[in-house]
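# here's a sequence, model it:
(chains A and B)
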Amino acid sequence: MMEHRRPMSSSAPSSFLGRWQSWWLMPLIYVILGGVILTAQAIDGQIDSGLVWFAVFAAIGAVYAFGGRFEIVKQARGDLEDERDASINTRAMAAVGLVFVVLLTGCIVFELARGNNPAPYTQLMAVGGGSYIAALLVLRNRS
Amino acid sequence: MRVSRQTINAIEVDRYTPSLPLAIALARFFKVSVEELFDDGTPTTDVE
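This next block holds a predicted model:
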């Protein structure tokens, strides 16, 4: 007899701790990123620009923290309710990868057309390609 | 069952195909077989 399993993706936070982490973790990450950029810009003497970036990142963090009533925010911060949400999240991440591949390809072609060195776009593309192959190997080995 | 209302709506309008565990859980909830719950009317052919 088949064992009854919960119909949820393994990537969905099923524990209370998992849901609590998703509430504050993303806002904290954005505030830290904003602080890092502010610090870097302050070192360079561009405090005004750094404050603007910090405000932008803090605003994004606030949306993550307090925008939970909107389904798209809940999905973006990982409050996955079920397998369909997990599937949508996975496909959205794949779309991000595709966009970056197209964008980097365009940047490489643009720099080459101008007679410039396409670095660091080529290195970024190499990291992306290597990560994809590594992910394929790991996931094929697991399943 | 931990399935959102939006997912149930998507299943009902054929925008989403549930996984096997979810399909079985839904069938058990409604006390019918999986085939009865997800029958699309396609006639089955006998395998000879």
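# C-alpha only now, for contacts and for neighbours.
Will do.
# residue ranges with poor pLDDT in chain A?
Filtered on pLDDT under 70, chain A yields the residue ranges A:1-22, A:80.
# again, only using 80
A:1-23, A:76-81 (pLDDT under 80).
# so which strand or helix has the residue of chain B found nearest chain A?
Across chain B, no residue is closer to chain A than residue B:22, which sits at 4.6 Å (C-alpha to the nearest C-alpha). In this structure, residue B:22 sits in helix B:20-30 according to DSSP states H and E.
# buried ones in the helix or strand following that helix, by neighbour count?
For helix B:20-30, the succeeding helix or strand toward the C-terminus, using DSSP H and E, is helix B:34-37. By 16 or more other C-alpha atoms under 10 Å in any protein chain shown, the buried positions in helix B:34-37 come out as residue B:34.
# helix B:34-37 near chain A anywhere?
No: counting by C-alpha under 8 Å from any C-alpha of the partner chain, no contacts exist between helix B:34-37 and chain A, the nearest distance being 13.7 Å.
# and for that helix, what's in contact with it?
B:23, B:24, B:27 (C-alpha atoms under 8 Å, 6 or more residues apart in numbering or on different chains).
# could you do stretch A:120-135 as well?
Contacts of stretch A:120-135 with the rest of the structure, by C-alpha under 8 Å, 6+ apart, involve A:101, A:104, A:105, A:107, A:108.
# nearest to chain B among those residues?
residue A:101 (28.0 Å).
# residues near that closest one, how many?
16 (other C-alpha atoms under 10 Å in any protein chain shown).
# check which helix or strand covers it.
When elements are assigned from DSSP H and E, residue A:101 belongs to helix A:83-113.
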